[in-house]
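Participant: Sequence unavailable; structure follows:
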């Protein structure tokens, strides 16, 4: 692994850890936990990053975008997640269901569909290794 990959990985993991800690104190937001970060050896300049997103009952993420290079696969581990990407249809995904987000997408709705049960998803990013910020709130 080269120094550039190590530095990029450290920055991404650090940013996710800080974001997850900050959001964990807001009962209406999600808790983000980094799970995996590795350069893709046969695709120079790309990394695979996975994060677990936990929503308390009734919790939601603010509308956001992801890194412009990010292709995302989201898989619902438990509970039900209500989601809308770009101008697509708002949909509730149940445990075992998944969706994808194209690069440069707007994620306008992302929330726990239940007011009484928690929900959890795994988000897997294929992203430029140099991208340090994976999620940016829409202002």
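Facilitator: Noted; the coordinates are in hand. Small disclaimer: the values here were computed from a predicted structure and weren't measured.
Participant: tell me, what residue is most central in this protein?
Facilitator: residue 123 (4.8 Å; Cα atoms, centre = their mean).
Participant: Which elements pack onto the helix or strand containing it?
Facilitator: Per DSSP states H and E, residue 123 falls inside strand 119-128. Applying 3 or more Cβ pairs under 8 Å, 6 or more residues apart in numbering; DSSP states H and E, we find strand 119-128 packed against strand 46-55, strand 71-78, strand 80-85. The C-beta positions use only the backbone N, C-alpha and C, and glycine is treated the same way.
Participant: And for residue 97, nearest residue in space, chain neighbours not counted?
Facilitator: Nearest residue to residue 97 in three dimensions, chain neighbours excluded: residue 76, at 5.4 Å (Cβ to Cβ, 6 or more residues apart in numbering).
Participant: do the same with residue 138
Facilitator: Distances taken as Cβ to Cβ, 6+ apart place residue 63 nearest to residue 138, at 4.3 Å, with adjacent residues excluded.
Participant: and that neighbour, how many neighbours?
Facilitator: Neighbour count of residue 63, defined by other Cβ atoms under 10 Å: 14.
Participant: One more: residue 134?
Facilitator: Residue 134, neighbours per other Cβ under 10 Å, totals 22.
Participant: Just the pLDDT at the residue nearest to residue 97, thanks.
Facilitator: Predicted confidence (pLDDT) for residue 76: 98.
Participant: any idea how far it lies from residue 55?
Facilitator: According to Cβ to Cβ, to the nearest Å, residue 76 stands 10 Å off from residue 55.
Participant: Buried residues in stretch 63-77, which are they?
Facilitator: Within stretch 63-77, the residues scored as buried using 16 or more other Cβ atoms under 10 Å are 65-67, 69-72, 74-76.
Participant: who's in contact with the nearest residue to residue 99 once chain neighbours are set aside?
Facilitator: In space, and not counting its chain neighbours, residue 99 is closest to residue 74: 5.5 Å by Cβ to Cβ, 6+ apart. The contact partners of residue 74, taken as Cβ atoms under 8 Å, 6 or more residues apart in numbering, are 81, 83, 93, 98-101, 121-124.
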